[in-house]
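Colleague: Fold the following for me, if possible:
(chains A, B, C, D, E and F)
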Protein chains: 4
Amino acid sequence: MDTRDKILSAAQEVFSQNGYYTATMDMIAEKAEVAKGTLYYNFPSKVALFTEVIKEGFRYIAQRLMDIAYSEYTPDRQVLKCIEFFVDYCIENSSYVNILFFELSGGMDKEVREVADGLIADLAGIISNMLKEGMTYSVVRSMDADIASYTMLGAMQGVMGRYIRGKDKPDVKKVKENIGKLLSKGLLY
Amino acid sequence: MDTRDKILSAAQEVFSQNGYYTATMDMIAEKAEVAKGTLYYNFPSKVALFTEVIKEGFRYIAQRLMDIAYSEYTPDRQVLKCIEFFVDYCIENSSYVNILFFELSGGMDKEVREVADGLIADLAGIISNMLKEGMTYSVVRSMDADIASYTMLGAMQGVMGRYIRGKDKPDVKKVKENIGKLLSKGLLY
Amino acid sequence: MDTRDKILSAAQEVFSQNGYYTATMDMIAEKAEVAKGTLYYNFPSKVALFTEVIKEGFRYIAQRLMDIAYSEYTPDRQVLKCIEFFVDYCIENSSYVNILFFELSGGMDKEVREVADGLIADLAGIISNMLKEGMTYSVVRSMDADIASYTMLGAMQGVMGRYIRGKDKPDVKKVKENIGKLLSKGLLY
Amino acid sequence: MDTRDKILSAAQEVFSQNGYYTATMDMIAEKAEVAKGTLYYNFPSKVALFTEVIKEGFRYIAQRLMDIAYSEYTPDRQVLKCIEFFVDYCIENSSYVNILFFELSGGMDKEVREVADGLIADLAGIISNMLKEGMTYSVVRSMDADIASYTMLGAMQGVMGRYIRGKDKPDVKKVKENIGKLLSKGLLY
DNA sequence: CATGAATGAGTCTTCATTCAT
DNA sequence: AATGAATGAAGACTCATTCAT
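Modeller: Modelled structure (predicted):
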């Protein structure tokens, strides 16, 4: 693993566990086992490093979502698959997800926020297209696909946030089923 | 308005616009038009002040949710009313909502996080009870009420987050309708 | 007890337990059960209050030394009596003695230092005279009485400092005997 | 001279002249001709820096005392040599001695106090052993060596304190002679 | 390429002191 | 005589960033 990757990997971990502001370049350098100067040799600034870490995360999620979108599954199955993937991913990368979806919001450099909002928009776009596709086949209820995609994303974040930060380990299967049921069939009869 | 309230109000604004870490006590003092020392005469620390700001916000939301829960509306109407209230509240207090639901997650003092998680749990509790009540009347689909309440909360946050930070003004009515539809009837036919 | 005395008494205690710099006017006000403003109504400043506390302490010690100097004891007995008094006083007022003799030295306001040095000089003067008296009767060894008085004072401080700060309770009788022996007969045969 | 030493040396001077609390890190940085951050790069905190300064001083004194203890002098000559060294050292390093022996007592961080008490105990231990050695040869009067060592240390501090802070330059030779006489032969005939 | 010592602007926090009541 | 809310100057400490090696 080359220096750049070592740093990126250490940064991801440190940012995840501490949040952007509490994390320090010293912590990252130590975890990456390089000198602090090396951080600046490879990345122009703390924000830039953070942005890179964020990008990597979103890139991966987007990739997986695209895999589902271009799979042979029917549109309604795709939606369910997305939820399943999300729950699994959150469980496995809880603290990383935390910075990916929450940390970004408050007091962050305007530049980063724009990058992040763009990345989230990409994610929502993928889901949105998936929903639109479903609507043309009349398996997805007709509604504003953009709003729906953000609602889905938010719903998943909300539940996961609860379990990410909570003390009690989530019952993955139950969570998947319940979010799935709620989002697919709705709260009301 | 007494000093304490003046500070609290200024703090809310400054924290909302800048996030916890970027906000400084100087900024708050200036906005409140008091000396920095006065901040510390009234609140022991920055975290404590922040916590108080958070508490106030959640207290208000919880109050409004309780009003709905104890209203004469049928349980299914109550759920819809919650969503409506939330959308309206978020539109009107966008940046405040931002710190209330997002800022709290990353790198924040453990103590504050616990306080906040407790407050969010209270909110979820109110919604959860509302849903359970609806289930006994068979107007709310039978499912895990806790998971559902967090999903609802999350869903609302998610959409609002999009519009809070986005450049385009949200079409309030459309948003309400669409989240309402999604959450009540579900995505799929 | 009037307000002034209540403050003086509280100040003595707070300064003794915390030292001049660590002690705060708030602590003193609280201990004295008066408002902070009252402190300033009765004393112009923290230094002034401290100086007053110091003066009281030295005044008392000087008085007791004078009592011994003007007693019917022979000059050699007087010297021993001084040592005894000192040991007893230090044991009973250890933390007060601490500020009286040690705190005063470092980084203290020049004004206070001068006051304190004057007060210590007074003490030394009393002892010095006692020694001179003894020299005229040839019961005290002929030497520079000023140097000797400071040596005595210092010796007593040194031993007491050890026991004041140490964890092990001093064996008062043994300490008195040993300092007495050393100072009266000397270290060497 | 490397940075660390430059800081240590500046700190010694600044602490000596001002006392722990009145001295500021800015003053030290300025005197050392380094940026304030450099202070913290080399020492974790003000207390830590102070502690280090203290340790260095005691280390030197202990070394010199050991030299005397292991010299070829007879035990009684050693005691006298100690006194001479002390007087000389105090004259030459008056303000440093001030913090070494006085500053440490009041309101100082508990940790530092423990370190310092330990260091003073070491010094007393060296002297105590010297006295015990003398007692076995019957040239030192039989008494509690621990109490005696603290008395000696205190006596020397006391006199020196007088001259350190006093306006009149001490007559070194006279002071040495008189303390020597007092401690070796005693006050009384 | 990599290093790590040095930097200094920026923050939180403390606390003696003041003054209107 | 007494109060206590308000003040603001001052100080310890942090940390992203730079640069000579």
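
Colleague: Give me the pLDDT for the residue nearest to A:A29 when sequence neighbours are not counted.
Modeller: Closest residue to A:A29 apart from its sequence neighbours, by Cβ to Cβ, 6 or more residues apart in numbering or on different chains: A:K36 at 4.4 Å. The way it works is simple: take the backbone N, C-alpha and C, and place the C-beta from them, glycine included. A:K36 is assigned 97 on the pLDDT scale.

Colleague: surely A:K36 meets A:D26?
Modeller: Yes: contact between A:K36 and A:D26 holds when scored by Cβ atoms under 8 Å: they sit 6.3 Å apart.

Colleague: number of nearby residues for the residue nearest to A:A29?
Modeller: By other Cβ atoms under 10 Å in any protein chain shown, 14 other residues sit near A:K36.

Colleague: try A:N98
Modeller: 23.

Colleague: Then A:D67?
Modeller: A:D67: 11 neighbours (other Cβ under 10 Å).

Colleague: In which helix or strand does it reside?
Modeller: In this assignment (DSSP states H and E), A:D67 forms part of helix A:46-69.

Colleague: which residues are contacting stretch A:100-120?
Modeller: Residues from elsewhere that reach stretch A:100-120, judged by Cβ atoms under 8 Å, 6 or more residues apart in numbering or on different chains: A:15, A:19-21, A:47, A:50-51, A:54-55, A:57-58, A:61-62, A:153, A:157, A:161, B:18-23, B:98-99, B:102-107, B:161-162, B:165-166.

Colleague: swap in stretch A:21-38?
Modeller: A:3, A:6-7, A:9-11, A:13-15, A:17-18, A:39, A:46, A:49, A:107, B:20-21, B:106-107.

Colleague: Would you mind naming what in chain A lies close to DNA strand E?
Modeller: Residues of chain A lying close to DNA strand E by Cβ under 7 Å from any atom of the strand are A:3, A:34-38, A:40-42.

Colleague: List buried members of the residues you listed by neighbour count.
Modeller: Using 16 or more other Cβ atoms under 10 Å in any protein chain shown as the burial test, these include A:34, A:38, A:42 as buried.

Colleague: need the residues you listed in JSON lines with distance to C:D171 and secondary structure, can you?
Modeller: Converted to JSON lines, these look like this (distance: Cβ to Cβ, whole Å; DSSP: H, G, I helix; E, B strand; the rest coil):
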{"residue": "A:V34", "distance to C:D171": "60", "secondary structure": "coil"}
{"residue": "A:T38", "distance to C:D171": "62", "secondary structure": "helix"}
{"residue": "A:N42", "distance to C:D171": "67", "secondary structure": "helix"}
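
Colleague: Let me know the closest of these to D:I68.
Modeller: Of all these, D:I68 sits closest to A:V34, with 51.4 Å by Cβ to Cβ.

Colleague: List phi and psi for the closest one.
Modeller: Dihedral angles of A:V34 (phi, psi; degrees, to the nearest 10) stand at phi -130, psi 170.

Colleague: swap in A:V140?
Modeller: phi -110, psi 140.

Colleague: Next, the buried residues of stretch A:181-189.
Modeller: Using 16+ other Cβ under 10 Å as the test for burial, stretch A:181-189 gives A:181-188.

Colleague: Which residues does that stretch contact?
Modeller: A:76, A:79-80, A:83, A:152, A:155, B:76, B:79, B:131, B:134, B:138-141, B:143, B:147-148, B:151-152, B:182-188.

Colleague: for stretch A:65-76, same thing?
Modeller: Counting by Cβ under 8 Å, 6+ apart, A:78, A:81-82, A:85, A:123, A:126-127, A:129-131, A:133-134, A:137, A:139-140, A:184, B:188 sit against stretch A:65-76.

Colleague: so A:G19 is in which element?
Modeller: Going by DSSP H and E, A:G19 is part of helix A:3-22.

Colleague: and that helix with helix A:46-69, angle?
Modeller: Between helix A:3-22 and helix A:46-69, the angle comes out at 110 degrees (axes from the mean of the first three to the mean of the last three Cα atoms, to 10 degrees).

Colleague: Pull out the buried positions in helix A:3-22.
Modeller: By neighbour count on 16+ other Cβ under 10 Å, the buried set for helix A:3-22 is A:6-8, A:10-21.

Colleague: Restrict that helix to CA atoms and write it as PDB.
Modeller: Presented in PDB, the C-alpha positions along helix A:3-22 are these (Å, rounded to 0.1, in the frame of the first residue of the first chain):
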ATOM      1  CA  THR A   3       1.800   6.300   1.200                       C
ATOM      2  CA  ARG A   4      -1.300   8.100  -0.200                       C
ATOM      3  CA  ASP A   5      -3.500   5.100   0.400                       C
ATOM      4  CA  LYS A   6      -2.100   4.600   3.900                       C
ATOM      5  CA  ILE A   7      -3.000   8.200   4.700                       C
ATOM      6  CA  LEU A   8      -6.400   8.000   3.200                       C
ATOM      7  CA  SER A   9      -7.200   4.900   5.100                       C
ATOM      8  CA  ALA A  10      -5.900   6.300   8.400                       C
ATOM      9  CA  ALA A  11      -7.800   9.500   7.800                       C
ATOM     10  CA  GLN A  12     -11.000   7.700   7.200                       C
ATOM     11  CA  GLU A  13     -10.700   5.900  10.500                       C
ATOM     12  CA  VAL A  14      -9.700   8.900  12.500                       C
ATOM     13  CA  PHE A  15     -12.400  11.200  11.000                       C
ATOM     14  CA  SER A  16     -14.900   8.500  11.500                       C
ATOM     15  CA  GLN A  17     -14.100   8.000  15.100                       C
ATOM     16  CA  ASN A  18     -13.700  11.700  16.000                       C
ATOM     17  CA  GLY A  19     -15.500  13.800  13.600                       C
ATOM     18  CA  TYR A  20     -13.900  16.400  11.400                       C
ATOM     19  CA  TYR A  21     -13.100  19.000  14.000                       C
ATOM     20  CA  THR A  22     -12.000  16.800  16.800                       C
END
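
Colleague: just to revisit the earlier point, which of the residues in the helix holding A:D67 are buried?
Modeller: Result for helix A:46-69 [16+ other Cβ under 10 Å]: buried residues A:46, A:49-54, A:56-58, A:61-62, A:64-65, A:68-69.

Colleague: Tell me the pLDDT of the nearest residue to A:D88 once chain neighbours are set aside.
Modeller: Spatial nearest neighbour of A:D88, chain neighbours left out: A:V172 (7.2 Å); criterion: Cβ to Cβ, 6+ apart. Per-residue pLDDT puts A:V172 at 84.

Colleague: just checking, A:V172 touches A:E84?
Modeller: No: contact criterion Cβ under 8 Å: A:V172 and A:E84 do not qualify, at 9.5 Å.

Colleague: mind listing what the spatially closest residue to A:D144 that is not a sequence neighbour touches?
Modeller: Spatial nearest neighbour of A:D144, excluding adjacent residues (Cβ to Cβ, 6+ apart): B:N178 at 4.7 Å. B:N178 makes contact with A:143-144, A:147-148, A:151 under the criterion Cβ under 8 Å, 6+ apart.

Colleague: ok, those vs A:E92, which is closest?
Modeller: A:T151 (23.7 Å).

Colleague: What is the subsequent helix or strand relative to the host helix or strand of the closest one?
Modeller: Using DSSP H and E, the element containing A:T151 is helix A:145-165. Where DSSP H and E defines the elements, the next helix or strand beyond helix A:145-165 is helix A:172-185.
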